[in-house]
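Asker: Fold the following and give me the result.
(one chain, ligands or ions: 2)
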Amino acid sequence: MLTCVWCGRSFNLTVTVTMIWQWRPLPQPALCAVCCARLTPINSQHCPQCGRQQASNTCCRDCLRWHDSLRNRALYCYDEGMKAYMQQYKFQGDYRLRLGLQASLRTALDREDYDILVPIPIDAQTWQTRGFNQVTGWLTGQPFQQVLTVTATHKDRPQSAKTRQERLLTPQPFELVSGASEIVSNQRVLLIDDVYTTGRTLRHAARQIYLGGAKAVTSLTLAR
Ligand SMILES: [Zn+2]
Ligand SMILES: [Zn+2]
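Answerer: Numbering: from 1, shown residues only. Ligands and ions are numbered 1, 2, ... in the order given. Next up, the predicted model:
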């Protein structure tokens with residue numbers, strides 16, 4: 001019997017053919033079937049640029065307005081279920097919940113082509129209140145490079161407390177740590193973040209990584 005990290009109920013492990021054929025064992029399932037069903041995986045019908053689930057495979061309206069080509073892929077729809085998960089994990093700081101999405105993220109990372117994984121950093125104040133970076137909490141031993149940091153002078157309200165317009169106007173919050181250029185120069189960098197909302201945060205991060213000399217920057221988020 002396993003215990004679901006989200007609802008606390010006990011559940012049985014169902015072994016599937018896919019699990020048997022995996023060339024390495026996936027982390028033990030941490031969510032029961034009921035909690036899994038609260039999340040909506042994004043299927044093949046999505047915006048080719050930001051990864052948003054939609055009825056067609058054409059570029060969504062938000063992406064047309066960006067006039068650039070930052071490619072993002074996302075694992076789940078940012079719906080009520082995912083919002084409830086993020087609320088408990090990030091804002092109530094329930095660190096065990098990281099286990100619930102580790103296997104999905106690992107599968108998604110295996111599909112991506114990149115040289116270096118760069119998580120979006122959290123600011124000093126969040127470190128103090130939350131005590132962990134929600135993004136690195138989902139990783140299961142994949143090497144990553146924390147080449148970005150939130151600038152010390154960056155005083156801002158959380159993205160979640162802002163309107164869309166305010167998010168789009170957010171000034172650059174990131175800078176490269178010293179020695180970052182040697183790490184990212186001429187590399188394909190995959191940024192990883194929790195939620196793609198307007199895409200502003202990822203674009204700020206991508207800009208700094210490109211300034212460090214990266215060959216390509218793409219991104220992966222848990223939700224869109
Ligand atoms: Zn559950
Ligand atoms: Zn889009």
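
Asker: Residues of the protein that sit close to ligand 2?
Answerer: 47, 49-50, 52, 60, 63 (CB under 5 Å from the ion). All C-beta spots, glycine's among them, are computed from the backbone N, C-alpha and C.

Asker: By neighbour count, which of these wins?
Answerer: Cys50 (24 neighbours; other CB atoms under 10 Å).

Asker: In this protein, where is pLDDT below threshold?
Answerer: Scanning the chain for pLDDT under 70 picks out 15-27, 154-156.

Asker: which stretches of it form helices?
Answerer: 17-21, 33-36, 61-66, 80-86, 99-111, 124-130, 164-168, 180-184, 200-211 (DSSP state H).

Asker: Pull out the buried residues from the last one.
Answerer: Within helix 200-211, the residues scored as buried using 16 or more other CB atoms under 10 Å are 200-206, 208-209.

Asker: what sits up against it?
Answerer: For helix 200-211, contacts defined as CB atoms under 8 Å, 6 or more residues apart in numbering pick out 66, 68, 70, 72, 118, 120, 147-148, 159, 167-168, 170, 172-176, 184, 189, 191, 193, 196, 217, 219, 221.

Asker: Which residues of this protein lie near ligand 1?
Answerer: 4, 6-7, 32, 35.

Asker: Give me the buried entries from those.
Answerer: Here, 16+ other CB under 10 Å leaves 4, 6, 32, 35 buried among these.

Asker: With respect to Thr140, which of the helices of the chain lies nearest?
Answerer: Nearest of these to Thr140, taken as CB to CB: helix 99-111 at 5.0 Å.

Asker: so what secondary structure elements neighbour that closest one?
Answerer: Of the remaining helices and strands, those touching helix 99-111 by 3 or more CB pairs under 8 Å, 6 or more residues apart in numbering; DSSP states H and E are strand 72-76, strand 216-223.

Asker: what packs against the shortest one?
Answerer: Read that as strand 72-76. helix 99-111, strand 216-223.

Asker: Just checking the distance from that strand to the centre of its chain.
Answerer: 8 Å (CA atoms, centre = their mean, to the nearest Å).

Asker: quick one: it to helix 200-211, angle?
Answerer: 140 degrees (axes from the mean of the first three to the mean of the last three CA atoms, to 10 degrees).

Asker: ditto for the last one
Answerer: What separates the directions of strand 216-223 and helix 200-211 is an angle of 160 degrees, with the same axes, to 10 degrees.
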